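Asker: Below are the sequence and a predicted model; questions follow.
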Amino acid sequence: MNNKKVCTISYGCQMSERDSETLTAISNNMGYSRTNDPAEADLVIINTCCVRESAENKIIGKIGQLKHMKDKKPSLIIAVAGCMVQQPGILEKLQKRAPHVDIWTGTFDYHKFEELLQTSQEGKKIACISEKETEVSEAVPLAEKGKLRVNVNIMYGCDNYCAYCIVPYVRGRERSRPKQIILDEIKSLVDSGCREVTLLGQNVNSYGKKDGFDYDFSDLLQEIDKIDGLFRVRFMTSHPKDLSDQLIAAVAGGEHLCEHFHLPFQAGSNHILEAMNRNYTREYYLERVHRILEEIPAARLTTDIIVGFPGETEEDFEQTLDLVRTVPFTQAFTFMYSKRSGTAAAGLPDQIPLEVKKRRLQKLMEVQNARSLAWRNNMLDQHYEILVEGQSKTNPESLTGRTRGNEIVVFKGSEDLIGKLINVRIDSANSWTLFGTMM
Ligand code: SAH
Ligand code: SF4
């Protein structure tokens, strides 16, 4: 049986996407080739997210849909992995709701996936969810060799315990991968065709601190910058509280280090920031932004914002709007607060009604979308270096690439440009995309 197929459906952040790559790669090694169509798959992997309720609801719906497929094709193996499954005490509920699932596995057990798959091939249902992280597992294979852009974990877990956030509970304690392992991994990626890496961590700015490394994130970046053949280095997420001058200086002085800081501020009011346990003030955040722009005038800033955290008043929300009007963010990812059980904020009084959250989100998006468009319009007629990624999804006759600031540009050109750095002039813009001409 050599023509078995795996379809991996991934939800959530880039870290979750990276985990999906590992699960897919393990399946590939076991003889499953990749498909994007669940209907033709013999194995469907759903890699889950539980950061917000809306993601969870979507996933539960998807798992439900797979029941019909399994009824039609009883040999289909369904595996559900990741953050949602890792939530304490949830497995039984999920199993009751979806008895058709064959494998349940959490965020600390990816390296056991081969074994789990073997067991389910014997027709047994199985659940494997370790409660705690083990040592950093270095078995992180990629499904696709020769990818142009690759996410690279530099650390796992999170110790920050922001009051709203479930990540520390489902991803375990913060632990960093040693520098040499990361450098070797990136070198071998470059040998197989990778030109851009995104270094991933929940708080890259605290890289190595807890593990007592005698180098920090800025040192790591500087070494990665020297790797031959690598065109671009990105990183996320930067927690404002740990954003050091050294990091800003490293990016300012780097050759391949993209001048893009994803710097979530979450809320504009000090009272809410404190309740969120973010460990910085609005003034401190603005000072960091000022410092970045002073050192790197071309820097791009993006952010995450939550509206409707418990106790958020209209005045608090106005301060969030004010911050968005003050800082030149090119893009903001905006969310309604979602109560996650087990987190500190779930027990707070003054939960905000849904209609209020919706109204605030709408207003916030209006303000930021206008800012984003104005920013893009400012880019018109200017020239930018882009890394050509491939055919445009919306227009197969065009190519697409990204600026160093992570803006997507669509332009006309031949496929042999894929993987190369070229210059484009920006001709027009809409809210999400720029259109340009190759120079
Ligand atoms: N480690 C990153 C964020 C990871 S989660 C950081 O500290 O910035 C990604 C984003 O999801 C967060 O920045 C936050 O804006 C949002 N988020 C997390 N928990 C949430 C919740 N309970 N409700 C709404 N949004 C949430
Ligand atoms: Fe969640 Fe805060 Fe950790 Fe980010 S830093 S993952 S928001 S707890």
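Answerer: That came through, no problem. Ligands and ions are numbered 1, 2, ... in the order given.
Asker: which intervals of the stretch 1-150 of the chain have sub-threshold pLDDT?
Answerer: Along the stretch 1-150 of the chain, segments meeting pLDDT under 70 span 1-2, 134-139.
Asker: all strands of it, in order?
Answerer: Using DSSP state E, counting those that start in this stretch, the strands found in the stretch 1-150 of the chain span residues 4-10, 32-34, 43-48, 77-82, 103-105, 126-128, 149-153.
Asker: Direction included, what does the second one pair against?
Answerer: Here strand 32-34 has these sheet partners by DSSP bridges: strand 4-10 (parallel).
Asker: by how many degrees do the strand it pairs with and strand 77-82 diverge?
Answerer: Counting by axes from the mean of the first three to the mean of the last three C-alpha atoms, to 10 degrees, strand 4-10 lies at 30 degrees to strand 77-82.
Asker: List the contacts of strand 4-10.
Answerer: 16-17, 20, 23-24, 27-28, 31-38, 40-47, 62, 143 (C-beta atoms under 8 Å, 6 or more residues apart in numbering). In short, each C-beta sits where N, CA and C put it, glycine included.
Asker: Just the buried ones out of these, please.
Answerer: 16, 20, 23-24, 27-28, 32, 35, 38, 41-47, 62, 143 (16 or more other C-beta atoms under 10 Å).
Asker: Go back to these and keep what's next to ligand 1.
Answerer: By C-beta under 6 Å from any ligand atom, no member of those lies near ligand 1.
Asker: picking that back up, out of the strands of the stretch 1-150 of the chain, flag the one nearest ligand 2.
Answerer: With C-beta to the nearest ligand atom as the criterion, ligand 2 lies closest to strand 149-153 of the strands of the stretch 1-150 of the chain, at 13.8 Å.
Asker: coming back round to it: and the strands of the stretch 1-150 of the chain as TSV, adding distance to residue 311?
Answerer: Below are these laid out as TSV (distance: least, C-beta to C-beta, whole Å):
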stretch	distance to residue 311
strand 4-10	34
strand 32-34	47
strand 43-48	30
strand 77-82	31
strand 103-105	36
strand 126-128	38
strand 149-153	35
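Asker: Let's have the ones you listed in a markdown table, adding distance to ligand 2.
Answerer: Shown next, in a markdown table, are the strands of the stretch 1-150 of the chain (distance: least, C-beta to the nearest ligand atom, whole Å):
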| stretch | distance to ligand 2 |
| --- | --- |
| strand 4-10 | 18 |
| strand 32-34 | 29 |
| strand 43-48 | 16 |
| strand 77-82 | 15 |
| strand 103-105 | 21 |
| strand 126-128 | 24 |
| strand 149-153 | 14 |
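Asker: Quick one: closest of those strands to residue 216.
Answerer: Nearest to residue 216, of all the strands of the stretch 1-150 of the chain, is strand 149-153, at 17.1 Å by C-beta to C-beta.
Asker: do that closest one and ligand 1 meet?
Answerer: No - with C-beta under 6 Å from any ligand atom as the measure, strand 149-153 is seen stopping short of ligand 1, the closest distance being 13.2 Å.
Asker: what secondary structure does residue 261 sit in?
Answerer: Secondary structure for residue 261, judged by DSSP: H, G, I helix; E, B strand; the rest coil, is strand.
Asker: My guess is it contacts residue 238. True?
Answerer: Yes - counting by C-beta atoms under 8 Å, residue 261 does reach residue 238; the two are 5.6 Å apart.
Asker: Around ligand 2, which positions in the stretch 301-439 of the chain sit nearby?
Answerer: Counting by C-beta under 6 Å from any ligand atom, no residue of the stretch 301-439 of the chain sits close to ligand 2.
Asker: Poorly predicted segments of the stretch 301-439 of the chain, please.
Answerer: The stretch 301-439 of the chain contains no residues with pLDDT under 70.
Asker: Residue 257: what's it in contact with?
Answerer: 221, 225, 233, 250, 251.
Asker: let's see 6 Å
Answerer: 221, 225, 233, 251 (C-beta atoms under 6 Å, 6 or more residues apart in numbering).
Asker: How many residues are close by the third one?
Answerer: Under the neighbour criterion other C-beta atoms under 10 Å, residue 233 is assigned a count of 22.
Asker: For it, pull up the helix or strand it's in.
Answerer: strand 232-236 (DSSP states H and E).
Asker: which helices and strands sit right next to the next helix or strand after that strand?
Answerer: Using DSSP H and E, the helix or strand that follows strand 232-236 in sequence is helix 245-253. Contacts defined by 3 or more C-beta pairs under 6 Å, 6 or more residues apart in numbering; DSSP states H and E place helix 245-253 against helix 217-225, helix 282-295.
Asker: Identify each buried residue in stretch 375-388, please.
Answerer: 375, 376, 379, 384, 386, 387, 388.
Asker: quick one, what contacts the third one?
Answerer: With C-beta under 6 Å, 6+ apart as the criterion, the residues that contact residue 379 are residue 426.
Asker: Going by neighbour count, which residues of the helix ranked longest in the chain are buried?
Answerer: Counting by DSSP state H, the longest helix found in the chain is helix 354-378. Residues of helix 354-378 classed as buried: 357, 360, 361, 364, 365, 367, 368, 371, 372, 375, 376 (neighbour count, 16+ other C-beta under 10 Å).
Asker: Stretch 389-408 now?
Answerer: Judged by neighbour count using 16+ other C-beta under 10 Å, the buried positions of stretch 389-408 are 389, 392, 399, 400, 401, 402, 403, 404, 405, 406, 407, 408.
Asker: What of stretch 309-317?
Answerer: Under the neighbour-count criterion of 16+ other C-beta under 10 Å, stretch 309-317 has 309, 310, 311, 312, 316, 317 buried.
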